[in-house]
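Peer 1: Build me a model from this:
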Amino acid sequence: MASAALIPLFGATSAHAVDTSCPSNGYITNWDVCTKLSNGTLYLHETSKGTYVDVEYGKASGSSVSCKLGYLRSGTNHWSPTVTCSTSYQQNYQWSPSATCNPDVGLLYSGGTTFQTPPTKNC
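Peer 2: Okay, here's the model as predicted:
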């Protein structure tokens, strides 16, 4: 469910080498948060006013799965198209929403379950 105000910076996801470092509290910085999952790491990176949001999932083990990346802002989920998440590659998706001081939460939907990061600490 994409909003007309949300425009992906790149029309599709891209793959990157997996970086699995994630502090136990999930806060890399106020605008960079993560959650360590049993088979990988979910990240949300954004600017301080939330005008750029990048959600990434690095799958470190297990077979390939269908997944969607997204973020939660002000009670609304914003999702990427469904992609294949596979071992040793990091899928990511970017949005350029309007500025806000509301916290955002990174989301991963796979296998009927939604996983999330801690909220960012905007503004």
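Peer 1: quick one: Y93 from S38, how far?
Peer 2: Using CB to CB, to the nearest Å, Y93 is found at 22 Å from S38. Backbone N, C-alpha and C define where each C-beta goes, glycine included.
Peer 1: Compare the two (neighbour count), which wins?
Peer 2: Higher neighbour count among Y93 and S38: Y93, with 24 against 8, using other CB atoms under 10 Å.
Peer 1: my guess is the more buried one contacts D54, does it?
Peer 2: Yes. Using CB atoms under 8 Å as the test, Y93 is close enough to D54 to be in contact (7.5 Å).
Peer 1: Spit out the contact partners of C22.
Peer 2: Contact analysis of C22 by CB atoms under 8 Å, 6 or more residues apart in numbering lists 28, 34-36, 41, 43.
Peer 1: secondary structure class for it?
Peer 2: Using DSSP: H, G, I helix; E, B strand; the rest coil, the three-state assignment for C22 comes out as coil.
Peer 1: so is the residue in the chain sticking out farthest from the centre in a helix, a strand, or just coil?
Peer 2: Each residue of the chain has a distance to the centre, and by CA atoms, centre = their mean the biggest one is for S63: 20.0 Å. S63 falls in the coil class when you classify it by three-state DSSP.
Peer 1: And it, how far from T41?
Peer 2: The span separating S63 from T41 equals 17 Å under the rule CB to CB.
Peer 1: Find the centremost residue of this protein, please.
Peer 2: For the chain, by CA atoms, centre = their mean, the most central residue is V55; offset 2.3 Å.
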